[in-house]
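Enquirer: following is a predicted model, sequence given first.
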Amino acid sequence: MILWAAVTVAALGFILALEIVTRGYGLPGPITNQAREVVFAPKSGPLLYASMALTMVVLTWRQRFIALGVALGIDLVFFLVRWALDAEMMFGNGALWVLIGCAVIALTRRTGRERTLLLKGVGLGLLLVAGRKTGDAWLLITSKTRPTVLDPYLATADHALGNPSWVVGRMLRATGPVGSTLLDWVYVQLAVAAVVVALYQLRHVGTERRFPRHHLVRTFLLIGLLGPGIYMIFPVVGPVFAYGTGAFGTGGEPWALANLWPGTAPPIGPPHSMPYDDITPRNCMPSLHTAWATAIFIHSRRGPRALRHAGTFWLVATLTATLGFGYHYGVDLIAGVVFTVTIEAALRTIDRGWDRSGLRLVAHGAAVFVALLLGYRFLPMEMARHPWVYGPLLLLLMASVVYGFFRLDRRWAAEADADAGSGSESGSGPGSGQGAGPGASALESLPQLVDIRQEPRLPVTVALTDEVRQR
C-alpha cells in the first residue's frame, strides 16, 4: 500500500509539473485536457474504454455489466446532444464518468482491502489515460526546447542497415490505400492492443482479490516515463520530416534537407545538426512504438495461441508502420528493442529479489543501449562506409540482449514451476496435508507402519498391537 501511495504521489507531482511547463508555452497541459474530456469530445474513445476495462478487472461480473451499461448509456446521451448541436462527434465520455464514479464509490462506500483494491483498479485505468496526456505534453516540450535535430546522423548510420525506412516506404506505397489504412490503424491503436494482453494477465484479479506481481501495464508505463528523457538527449524528427514533406500537418519541404523520402536514399556525407520548426515532436530516438510493441510481444508469450499470434502480428505490423510511414529510421528500432528488453529485465529482476543474473543482464542491456547512442552520434560515417561490418554488428548487439533475456526468463520460469511443484508435494506428502493439519487425529500423526494410502485405517491399529505383543 505504501508503494502504491508513493507511486500515486510521484505521478501526480510529475503531471502537475508538466501542466505548469506546458501552460508556460500558452497551451493547456495534461490535467486541463483530461478535465475537458469529462464534457467535450475526447481525443480517443477506444483508449478511454480500454482504461475502463482495466479498472473493471477488480469488479465482479455483475458490477462489470452495470458499469458497461452506464458508460454506454452516458455516451448515448452525449451522442444525441452533439448530434443535435452539430458538434464534434466522439465517444468515450461515459467510460471516463464510470472511472470517476468508481473512485467516488471506493472512497465513500468501500473500506479496508476492498477500498484499496478498487482504488488500485481506478488508478490503473487513469494511469493509462494520464500516460497519453503526459506523452502529448512531453512531445510539446521536446519541440519547444530542442530547436535543432540530429536526423542527418541517424540517416547516415542507417546506411549500415540498408536504409530500411526508404525500402519499406516504397513497398508500402506499392500496396495502395489498403496496406496504409491497416497499418495506420495498428499504429494508432497500440494502447488498445496492450490492454487486451493486460486483461488476459489480470483476468483472475476479480476472484483472487489481488493483483499479480508483474504485468504488462507496469512495463508500458515505465517505457512512457523514461523514453521522453532520451528524446531530450537525442532529438530526432524522422525521415518523412527531415527528408520528406512532413506529416500530421507539421514539417514540410521548407524545413527538410531535401525531398528524398522514400524515393531516393540520402547521400553519404559528414552529418550535422539541422534546425527544425517548433511544432514537430522530436520523438524518434528510441522508437517508443517499437518499444511498446516489443513489450506486448514479450508479455503475450505465455498466453494462449491466439494471443501469441496477435502479439507477433502487432510487433511485425508496428515495425512495418514505423518504417513504412517514415516516422523512424532503422537504427531507432534497434534502440527501441534494447530499451524495452532492458526495462523488462530490470522489473523482473526486482521482483525476484535483485537476482544477480538479472542484474548482469540489465547492466549488459544498459551498456548496449548507451553504446548504440554513442555510435549513432560519433561513428555514423564509419557505419555508412562499412555497412557489412556495422550492420551485422548492430543486429548482433540487439540479439545478445534479446537472447540473454529469453534465456534467463526460461530459467526463471523453470525455477518457479519447480518451486510450485515442491510446494504441492510438501502439501500432499506423508505426514502433511489435510491429515497433518490442525484437527488431525492422534492416530494420523503416528509413524506410518503401513501405506495408509492403500490400506484402511484399522490395519494401522492392528499392526501396532502385533508389534507390542512381539515385544
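Expert: Yes, it's here. In this text the structure is predicted, and so the values were computed from the model without any measurement. Numbering: from 1, shown residues only.
Enquirer: mind checking which helix or strand S51 is in?
Expert: Here S51, judged by DSSP states H and E, is contained in helix 45-55.
Enquirer: tell me the angle the helix or strand following that helix makes with helix 45-55.
Expert: Next helix or strand after helix 45-55 toward the C-terminus (DSSP H and E): helix 61-85. For helix 61-85 against helix 45-55, the angle between stretch directions is 160 degrees (axes from the mean of the first three to the mean of the last three Cα atoms, to 10 degrees).
Enquirer: quick one: mean pLDDT for the next helix or strand after helix 61-85?
Expert: Downstream of helix 61-85, the next assigned helix or strand under DSSP H and E is helix 93-109. Averaging pLDDT along helix 93-109 yields 95.
Enquirer: buried ones in helix 93-109?
Expert: Buried residues in helix 93-109, counting neighbours by 16 or more other Cβ atoms under 10 Å, are found at N93, G94, A95, L96, W97, V98, L99, C102, A103, A106. (Each C-beta comes from the backbone N, C-alpha and C, glycine too.)
Enquirer: could I get those residues as CSV with distance to G311?
Expert: Shown next, in CSV, are those (distance: Cβ to Cβ, whole Å):
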residue, distance to G311
N93, 31
G94, 29
A95, 25
L96, 28
W97, 32
V98, 28
L99, 27
C102, 29
A103, 31
A106, 32
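Enquirer: just the residues you listed now: which is nearest R170?
Expert: A95 (40.0 Å; Cβ to Cβ).
Enquirer: end-to-end on stretch 252-262?
Expert: 14 Å (Cα to Cα, to the nearest Å).
Enquirer: distance from the chain centre to stretch 58-72, please.
Expert: 25 Å (Cα atoms, centre = their mean, to the nearest Å).
Enquirer: hang on, I meant stretch 210-221
Expert: Per Cα atoms, centre = their mean, the displacement of stretch 210-221 from the mean C-alpha position of its chain is 9 Å.
Enquirer: touching it from outside, list them.
Expert: For stretch 210-221, contacts defined as Cβ atoms under 8 Å, 6 or more residues apart in numbering pick out 54, 117, 120, 124, 127-128, 131, 191, 194, 197-198, 201-202, 204-205, 292, 295-296, 298-299, 340, 343-344, 347-348, 351.
Enquirer: buried sites along that stretch?
Expert: Applying 16+ other Cβ under 10 Å to stretch 210-221 flags F211, H214, H215, L216, V217, R218, T219, F220, L221 as buried.
Enquirer: measure the first one to A198 for me?
Expert: As for F211, its distance to A198 is 11 Å (criterion: Cβ to Cβ, to the nearest Å).
Enquirer: what of the second one?
Expert: Remark: distance between H214 and A198 (Cβ to Cβ) = 11 Å.
Enquirer: who's in contact with D184?
Expert: A321, F325.
Enquirer: give me the element it is part of.
Expert: helix 177-188.
Enquirer: only alpha carbons, please: show that helix as CSV.
Expert: Output of helix 177-188 as CSV, limited to C-alpha atoms (Å, rounded to 0.1, in the frame of the first residue of the first chain):
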residue,chain,number,x,y,z
PRO,A,177,-4.6,2.5,-49.6
VAL,A,178,-5.4,-0.9,-48.2
GLY,A,179,-2.0,-1.5,-46.6
SER,A,180,-1.7,2.1,-45.4
THR,A,181,-5.1,2.0,-43.8
LEU,A,182,-4.5,-1.3,-42.0
LEU,A,183,-1.0,-0.2,-40.7
ASP,A,184,-2.3,3.2,-39.6
TRP,A,185,-5.0,1.6,-37.5
VAL,A,186,-2.4,-0.8,-35.9
TYR,A,187,-0.1,2.1,-35.2
VAL,A,188,-2.7,4.3,-33.6
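Enquirer: angle of the helix or strand just after it against helix 45-55?
Expert: Next in sequence after helix 177-188, counting helices and strands by DSSP H and E, comes helix 190-201. Orientation check (the same axes, to 10 degrees): helix 190-201 against helix 45-55 gives 20 degrees.
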